[in-house]
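Asks: missing the sequence, but the structure's below:
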């Protein structure tokens, strides 16, 4: 028997709908996000013959047949004055928006219809690069269309979108009108919601992105329950870990989210998380980096209890935290003086943090006044204006403290840095 996707698609395609959106031309976002390297992402509504009115097409996935809930993209319905949904048998229904979230580019709409087919949701956390996937949508208003490909990459971020979510990247062809459609595995389970295309002038070049269904499911539940997203917070700031960080910190993996700030009285602080910890998993699901941790946590409402796997020197520990709605702020600071760095901070001049710095009143530490391009610190990425807040996980509030803590170190130096309102770590090495 010849292998075919037809049996699976016969079950899945009826769960996919076409969405027609009308609105003022200046308001409607359009049917697809085109991501162009180095440029702002944009959408391109298809103009109708009626002045000041635009009409765009998108796709949606029926996730609750009994109640008529449909999951789609926020950019598909944003600014709409009317929504019309066409289901598998060709019948059309007026739809209402239940809720939308710009940060994840997801939205839920609703229709009143009987006999709907409901999609089966999969587990995006189990996806691997190279898995086969199928994209289903309504490109260019052609009706249901199916394309086939693989998972090209996971946890993609830094795409110029507002979302912090780590997207699924696929080479299954996505085109205008596919936004809000389903990315499914070979069992027909939805693993992602198709969202954006990367390419010149919106042309498809085999690089498309989908929001993982685990994130979409959590967002959908909140939109249905509250009409908005109530995001939980741990009260920690994180960055991606690396092999160098793992070596300095004495942990056995180079992935995960490295904690570089823990706000006082935050859920993270109460759970026992400390600066230098590496968060490796949430509720048993591995965390590849900072983007995935932020997305995983922010998709959960305040009051959710999460179990975190923490790596620190000597092994791993399990901690339990109850997410809060807001984080506490930090104490203020100090006053002025210049000191030359030593050891791995040779050729660096440090200055006392004063009111001339944007960091004044936000952190305590020593400002990089000047730095030689030939220094190890410059090679590591240290810049003038950076504030060194810790040395090898010991807080350093003055230039003198930074020098004393670092002068004897000749191999690896772990610096806590505050730059442009954010904390991070840097490793300086010979």
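Replies: Perfect, thanks for sending it. Remember, it's a predicted structure, so these values are computed and weren't measured experimentally.
Asks: okay, now residue 299: neighbour count?
Replies: By the criterion of other Cβ atoms under 10 Å, residue 299 has 26 neighbours. (Each C-beta comes from the backbone N, C-alpha and C, glycine too.)
Asks: From residue 166, how far out is it?
Replies: 12 Å (Cβ to Cβ, to the nearest Å).
Asks: likewise residue 421?
Replies: 23 Å.
Asks: who's more crowded, these two?
Replies: A direct count of neighbours by other Cβ under 10 Å for residue 421 and residue 166 places residue 166 higher, at 27 against 9.
Asks: And the closest residue to that one other than its chain neighbours, what's its pLDDT?
Replies: Excluding the flanking residues, the one nearest residue 166 by Cβ to Cβ, 6 or more residues apart in numbering is residue 155, at 3.3 Å. pLDDT recorded at residue 155 is 81.
Asks: got a list of what residue 155 touches?
Replies: Neighbour list for residue 155: 166-167, 288-289, 291-292 [criterion: Cβ atoms under 8 Å, 6 or more residues apart in numbering].
Asks: all helices for the stretch 51-200 of the chain, in order.
Replies: Under the criterion DSSP state H, counting those that start in this stretch, the stretch 51-200 of the chain carries helices at the ranges 74-77.
Asks: pLDDT weak spots in this protein?
Replies: Scanning the chain for pLDDT under 70 picks out the ranges 1, 24-55, 141, 158-165, 199-204, 326-337.
Asks: Distance of residue 197 relative to residue 171?
Replies: Counting by Cβ to Cβ, the separation of residue 197 from residue 171 is 11 Å.
Asks: Please read the previous query as pertaining to residue 407.
Replies: As judged by Cβ to Cβ, residue 407 and residue 171 stand 52 Å apart.
Asks: Which one of the two is surrounded by more residues?
Replies: Neighbours were counted for residue 407 and for residue 171 using other Cβ under 10 Å; residue 171 has more, 19 against 15.
Asks: quick one: that one and residue 207 touch, right?
Replies: Yes: using Cβ atoms under 8 Å, residue 171 is in contact with residue 207, at 7.1 Å.
Asks: what touches both of these two?
Replies: When Cβ under 8 Å, 6+ apart defines a contact, the residues bordering residue 171 and residue 207 alike are residue 152.
Asks: Quick one: the strands in the stretch 251-400 of the chain, in order.
Replies: Assigned by DSSP state E, counting those that start in this stretch, the stretch 251-400 of the chain shows strands spanning 257-262, 278-282, 285-286, 305-312, 315-322, 338-340, 348-352, 366-371, 387-391, 394-395.
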